[in-house]
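>>> Mind folding the following:
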Amino acid sequence: MSPLELLTQTIAEGRESQRVEFKQSAPWAELKNKLIRTALAMANVRDGGIIVIGMAQNGEEFAPDGMSPADLATYKSDEIKAAINSCAEPPVSVEWFTEVLAGKTFGMLVVQEFDQFPVLCKRDDKGLDNGAIYFRSFRMPETAKVSSHFEMRDILDRAIDRGVAALVQRLNRVGLKLGENEESDAAKFARQQERL
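The predicted structure follows:
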């Protein structure tokens, strides 16, 4: 899916979720720590997430207002990635896109799920705590520190699954095939009975 298609679909849904965060147009310096914190959290969510900048909030409703040219000019892709990854261990895979939809320009951060290890915050700053694992809550669309065994189990289960998959790939690279050509216990037993 192209970034424009992703933006169109996300705005059409019109609501925040575990994987979607909307922000009103503001300069990078004003949103910086909130965007970093949310990106760290989305990296710990299954399939990552999307932050759309240019969505005005009125109560619980969001309107696609777009970003002002002055605000948009303060966002530089390399600076955004560097700022996020200066707080992330391991680094977060994130892309910055600007797209025009219905004559309005939107900024969009697309955050990928962690590759093998959950993402921890590695420094203290306003709204950021060194050593914290941030997560997007299942209860409501918010970014918070992991606070329940359910959230922690979700993160750890995905990390374990990815670790096992990496181990299987490594074993295959060195010529060890797991499960392939291996005779089942039932087949071994049947073969042994034939010999009797």
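>>> domain parsing for this protein?
Annotated domains of the chain cover 3-147, 148-196 [automatic domain parsing].
>>> Check the offset of the shortest one from the chain's centre.
It stands for domain 148-196. 27 Å (Cα atoms, centre = their mean, to the nearest Å).
>>> average pLDDT across that domain?
Mean pLDDT, domain 148-196: 83.
>>> got a list of what the most centrally placed residue in the chain touches?
When Cα atoms, centre = their mean is applied to the chain, the residue found nearest the centroid is residue 48 (2.4 Å). Listed by Cβ atoms under 8 Å, 6 or more residues apart in numbering, the contact partners of residue 48 are 19, 42, 110, 111, 112, 113. All C-beta atoms are positioned from the backbone trio N, CA, C, and that covers glycine.
>>> where does the chain have low pLDDT?
By pLDDT under 70, the low-scoring segments of the chain are 179-183.
>>> tell me which element residue 11 falls in.
For residue 11, the host element (DSSP states H and E) is helix 3-13.
>>> what helices or strands is that helix leaning on?
On a contact count with 3 or more Cβ pairs under 8 Å, 6 or more residues apart in numbering; DSSP states H and E, helix 3-13 meets strand 49-53, strand 94-101, strand 104-111.
>>> After it, which helix or strand is next? Please name it.
Assigned by DSSP H and E, the successor of helix 3-13 is strand 20-23.
>>> starting at the chain centroid, how far to that following strand?
Worked out by Cα atoms, centre = their mean, strand 20-23 lies 13 Å from the chain centre.
>>> which residues sit against the very next helix or strand once past that strand?
Scanning forward in sequence from strand 20-23 by DSSP H and E, the next helix or strand is helix 28-43. Applying Cβ under 8 Å, 6+ apart, the contact partners of helix 28-43 are 19, 21, 23, 48-51, 53, 71, 74-76, 79-80, 83-84, 87-88, 92-94, 109, 111-114, 119, 121, 125-128, 134-136, 143-144.
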